[in-house]
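**Student:** Show me the folded form of this:
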Amino acid sequence: MTRSPFRRLVFGTLRRLLYLWVRSETINQSSFTLNLDRSRPVFYVLQNPSLTDLAVLDTECTKAGLPRPVLPVSVGSLIEPAAFFYLTPDPDWLGRQDKRGAPPTLTRLVSALTQNAAEDAQIIPVSVFWGQSPDSENSPWKLLFADSWAVTGRLRRLLSIIVLGRKTRVQFSAPIHLRELIEHNKGHERTVRMAQRILRVHFRNLKAAVIGPDISHRRNLVKGLLNQPLVKQAILDEAERENISPEKAKAQALRYGNEIASDYTYTAIRFLEVVLSWFWNKIYDGIKVNHIEGVQKVAQGHEVIYVPCHRSHIDYLLLSYLLFRNGLTPPHIAAGINLNMPVIGSLLRRGGAFFMRRTFKGNPLYTSVFNEYLHTLFTKGFPVEYFVEGGRSRTGRMLQPKTGMLAITLRSFLRSSRMPIVFVPVYIGYERVLEGRTYLGELRGASKKKESIFDIFKVIGALKQRFGQVAVNFGEPIKLAEFLDAEQPDWRQQELGPQYKPAWLNETTNRLGEKVAQHLNEAAAINPVNLVALALLSTTRLALDDRAMARVLDLYLALLRKVPYSPHTTLPEGDGRALIEHVKDMDLLAEQNDALGKILYLDEQNAVLMTYYRNNVLHIFALPALLASFFQSASRMSREQILRYTRALYPYLQSELFIRWSLEELDGVVDQWLEAFVEQGLLRFEKDVYLRPAPSSRHFVLLTLLSKSIAQTLQRFYMTVSLLLNSGQNSISAEELEDLCTVMAQRLSILHGLNAPEFFDKSLFRHFIQTLLDLDVLRRDEAGKLSYHELLGELAEGAAKRVLPADIRLSIRQVALHRSEDAAETAVIAEG
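**Tutor:** Coordinates of the predicted model:
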């Protein structure tokens with residue numbers, strides 16, 4: 001085409017005519033320019049012959065200042081008339097294609113480089129996607145012509161250009177150096193075949209990452225589940241157990257499959273993005289996406305499982321939209337069966353949702369069909385999304401992982417590890433969550449309402465509110481094979497049995513859940529609302545004057561910059577005053593003026609709601625707040641004392657809040673925080689001792705405010721231990737202790753005005769008690785009663801004196817003592 005002036009003229013004319021209509025853009029340009037050696041010859045490879053794709057490529061290269069594909073290029077003594085070739089050769093005069101044949105340009109390049117060891121050539125795979133700009137599409141019928149796995153004829157391509165030409169995206173991939181392949185010394189023919197194979201796999205993986213794998217029709221997929229050995233056996237077991245015919249059991253399995261399976265269609269995905277994205281795009285001021293490059297890198301060649309935190313029903317839409325915008329396939333999403341409603345359920349199913357029941361107990365046939373369906377998705381390489389927390393967090397903190405889906409995933413991988421699995425944590429941070437009003441009642445202690453996607457639409461009447469920005473941070477991926485290598489080094493050699501349930505499955509799955517939760521918290525997006533909530537909820541009256549508030553916020557920002565929580569954590573822009581103005585604009589902060597200046601405070605409704613936003617980042621401030629707590633009752637402490645008490649209390653904080661540092665890392669992190677405290681004037685370091693500021697100083701007030709952010713957590717710990725000790729050895733079960741703690745917490749919250757509903761959250765007490773059991777501080781006897789280490793009381797009291805005010809300790813002890821006296825009196829009356 002470019003070998004003669006006439007053909008170059010024809011091509012140039014075609015390109016100019018094409019760009020009277022077509023508009024194109026390059027995505028992920030940094031992924032290949034960083035590895036591009038401008039001193040070496042560059043060749044571009046397109047998957048299939050297409051003049052229009054070549055014209056788009058030539059335009060994008062010109063815009064980016066890259067070598068043009070249609071110009072001659074020399075490699076040693078070889079002069080190629082053009083710097084591009086097609087992986088699939090041009091058809092012959094009769095329209096036939098020999099897909100086995102090698103591109104002549106590639107063959108000549110390998111020969112030239114074999115003869116000249118000093119030369120190299122870079123081959124850049126390029127993919128052109130027509131109709132890949134969801135942000136600007138507004139006509140759903142255009143989606144019919146978007147790129148897919150279907151065979152594309154010339155007529156369809158013409159229609160795609162006409163309909164979608166203004167929405168075209170080009171993706172360059174990292175260059176492949178031919179010299180590296182030749183140095184394998186495989187010979188000319190095998191080197192050419194190796195290069196072809198690498199390019200074919202690359203194009204297939206890239207297309208799967210952008211459009212999604214080529215999955216079978218839903219009906220065939222569901223029927224195929226019934227032919228798998230594990231499902232066949234489950235059908236026979238069901239027939240025997242229920243005393244029905246195998247045909248009837250098989251029909252039941254088919255109904256389960258149809259109930260579960262998505263009807264994923266790419267056009268529906270595009271339609272959903274167009275129709276639904278406007279909803280939250282109008283509500284929020286903007287979306288900040290961070291660290292997605294790591295996902296784009298790992299998506300090719302891996303089975304990607306997205307594991308977001310779950311704060312809002314809108315999480316589903318937001319993540320799929322952002323993945324699509326960044327050239328990644330929207331995932332299949334695990335949805336509760338309650339969302340399988342008329343119309344809505346059908347639309348969600350076509351958008352990739354598959355439905356699961358709340359419990360699988362007592363239904364082994366359903367369990368088998370569901371497991372097989374998920375295994376099929378995993379082995380086909382289709383991205384999947386599920387929430388390890390199970391439901392939405394109503395308190396703003398990371399919930400304890402529900403490990404059911406993780407266990408299914410792990411068993412599937414043990415069954416077939418051909419497709420490597422990687423978990424991608426996604427932290428979604430809202431400055432104002434859409435369901436805030438719904439959560440408000442639950443934060444005040446109302447019973448949890450049944451989840452419904454219609455919760456989203458309840459906010460339509462409140463659209464006059466400002467919802468601020470949303471941050472979506474992608475965390476550090478977790479490769480399942482590497483995780484198993486660390487946890488169970490010989491997992492590949494073990495005999496796992498027909499159900500793939502090794503003895504270590506439950507314990508390993510629990511640790512995987514903890515690791516996912518920690519990686520989610522590592523990717524936290526700290527925003528102005530989080531920091532204002534943290535500051536004001538640490539005050540007695542939920543109020544500060546504006547100058548003091550600005551100083552507190554500036555301190556928090558300085559500490560977080562000095563000791564970053566993780567490379568994936570993000571901080572807000574601006575100083576303390578800018579953060580205050582931002583939160584005031586969102587009507588989350590009230591203001592009162594007097595002759596001495598402004599006072600900022602939280603009204604009753606916002607005070608409760610702001611506990612949600614404080615809890616989003618409590619894990620980040622837990623350790624520095626604990627260190628600050630030590631100096632509320634002690635004016636001086638040595639490093640050894642600080643480390644001793646930190647090591648004693650940290651495991652419980654880490655378990656509840658999923659803090660990232662291991663015990664082995666703890667000492668070093670504590671030293672970093674102490675250094676930061678000294679730098680900010682919160683402590684002084686003299687003669688190997690850390691000294692607190694004078695109690696009347698501004699710095700002591702700041703240190704006290706920081707300590708109070710974790711005070712209620714420490715109070716819950718002390719409360720639990722006090723009730724246990726007053727009950728005595730082997731006299732109370734874990735469940736009874738949990739109930740007592742909840743009642744006591746409610747009582748103390750009234751007596752001390754604690755406006756924090758999670759203070760008496762039963763699940764937090766349950767988890768703390770379980771952590772004590774896991775660490776062998778507590779043990780159960782045969783009757784389920786708890787015994788404890790004989791030094792528990794001494795250790796608990798010693799730690800409590802360091803971190804809790806005397807009035808709180810006294811109040812907790814009195815309530816616990818009265819409870820034990822009442823119990824003893826009741827027992828005496830009963831005996832009498």
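
**Student:** Pull out the buried positions in stretch 479-488.
**Tutor:** By 16 or more other Cβ atoms under 10 Å, the buried positions in stretch 479-488 come out as 480, 483-484, 488. Using the backbone N, CA and C atoms, a C-beta is placed for each residue, glycine as well.

**Student:** can you list contacts of it?
**Tutor:** The contact list for stretch 479-488 (Cβ atoms under 8 Å, 6 or more residues apart in numbering) reads 302, 409-410, 413, 417, 420-423, 491, 494, 502, 504, 508, 511-512, 515.

**Student:** Filter these down to the buried ones and hand me the ChimeraX line.
**Tutor:** Per 16+ other Cβ under 10 Å, the buried members of the contacts of stretch 479-488 correspond to this ChimeraX selection:
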select :302,409,410,413,421,422,423,491,502,508,512,515
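
**Student:** Filter the contacts of stretch 479-488 down to just the ones in strands.
**Tutor:** 421-423 (DSSP state E).

**Student:** quick one, what contacts the nearest residue to residue 667 once chain neighbours are set aside?
**Tutor:** In space, and not counting its chain neighbours, residue 667 is closest to residue 643: 5.9 Å by Cβ to Cβ, 6 or more residues apart in numbering. Neighbour list for residue 643: 666-667, 670 [criterion: Cβ under 8 Å, 6+ apart].

**Student:** Now do the residue lying closest to residue 416 once chain neighbours are set aside, the pLDDT please.
**Tutor:** Spatial nearest neighbour of residue 416, chain neighbours left out: residue 379 (5.7 Å); criterion: Cβ to Cβ, 6+ apart. Note on residue 379: pLDDT of 90.

**Student:** thinking again about what came up before, closest one of the ones in strands among the contacts of stretch 479-488 to residue 70?
**Tutor:** residue 422 (38.7 Å; Cβ to Cβ).

**Student:** How about the contacts made by that closest one?
**Tutor:** Contacts of residue 422 (Cβ under 8 Å, 6+ apart): 298, 302-305, 477-480.

**Student:** please redo it, this time with the cut-off set to 6 Å
**Tutor:** 298, 302, 304, 477, 479 (Cβ atoms under 6 Å, 6 or more residues apart in numbering).

**Student:** so of those residues, which ones are in strands?
**Tutor:** The strands, defined by DSSP E, take in 304, 479 from those.

**Student:** which one among the contacts of residue 422 gets closest to residue 391?
**Tutor:** When these are ranked by distance to residue 391 (Cβ to Cβ), residue 304 comes first, at 22.9 Å.

**Student:** Any idea how many residues pack against that closest one?
**Tutor:** Residue 304 sits with 23 neighbouring residues when counted by other Cβ atoms under 10 Å.

**Student:** Specify the beta-bridge partners of it.
**Tutor:** According to DSSP bridges, the partner residues bridging residue 304 are residue 422.

**Student:** Could you chop the chain up by domain?
**Tutor:** Segmentation of the chain into domains, based on automatic domain parsing, reads 5-210, 218-522, 711-831.

**Student:** rewinding a little: please report how far the residue nearest to residue 667 lies from residue 650.
**Tutor:** To residue 650, residue 643 is 10 Å away according to Cβ to Cβ, to the nearest Å.

**Student:** picking that back up, just the contacts of residue 643 now: which is nearest residue 326?
**Tutor:** Taking those together and measuring to residue 326 by Cβ to Cβ, the closest member is residue 666, at 36.5 Å.

**Student:** nearest spatial neighbour of that closest one, skipping sequence neighbours?
**Tutor:** Using Cβ to Cβ, 6+ apart, the closest residue to residue 666 is residue 650 (6.0 Å).

**Student:** before we move on, which element is the one you found in?
**Tutor:** helix 639-657 (DSSP states H and E).

**Student:** ditto for residue 609
**Tutor:** Residue 609 belongs to helix 604-616, assigned by DSSP H and E.

**Student:** so the helix or strand just after that helix versus helix 604-616, what angle?
**Tutor:** Per DSSP H and E, the first helix or strand lying C-terminal to helix 604-616 is helix 618-633. Angular relation of helix 618-633 and helix 604-616 on a 0 to 180 degree scale: 100 degrees, by axes from the mean of the first three to the mean of the last three Cα atoms, to 10 degrees.

**Student:** With only the CA atoms kept, save helix 618-633 in CSV.
**Tutor:** This file holds the C-alpha atoms of helix 618-633, laid out as CSV (Å, rounded to 0.1, in the frame of the first residue of the first chain):
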residue,chain,number,x,y,z
LEU,A,618,-10.0,5.2,62.4
HIS,A,619,-7.6,2.4,61.5
ILE,A,620,-5.1,4.9,60.3
PHE,A,621,-5.1,6.9,63.5
ALA,A,622,-5.4,4.0,65.9
LEU,A,623,-1.7,3.5,66.6
PRO,A,624,-0.7,7.2,67.0
ALA,A,625,-3.8,7.7,69.1
LEU,A,626,-2.8,4.8,71.3
LEU,A,627,0.7,6.3,71.8
ALA,A,628,-0.9,9.7,72.7
SER,A,629,-3.1,7.9,75.2
PHE,A,630,-0.1,6.7,77.2
PHE,A,631,0.7,10.3,78.1
GLN,A,632,-2.7,11.3,79.4
SER,A,633,-1.9,9.7,82.8
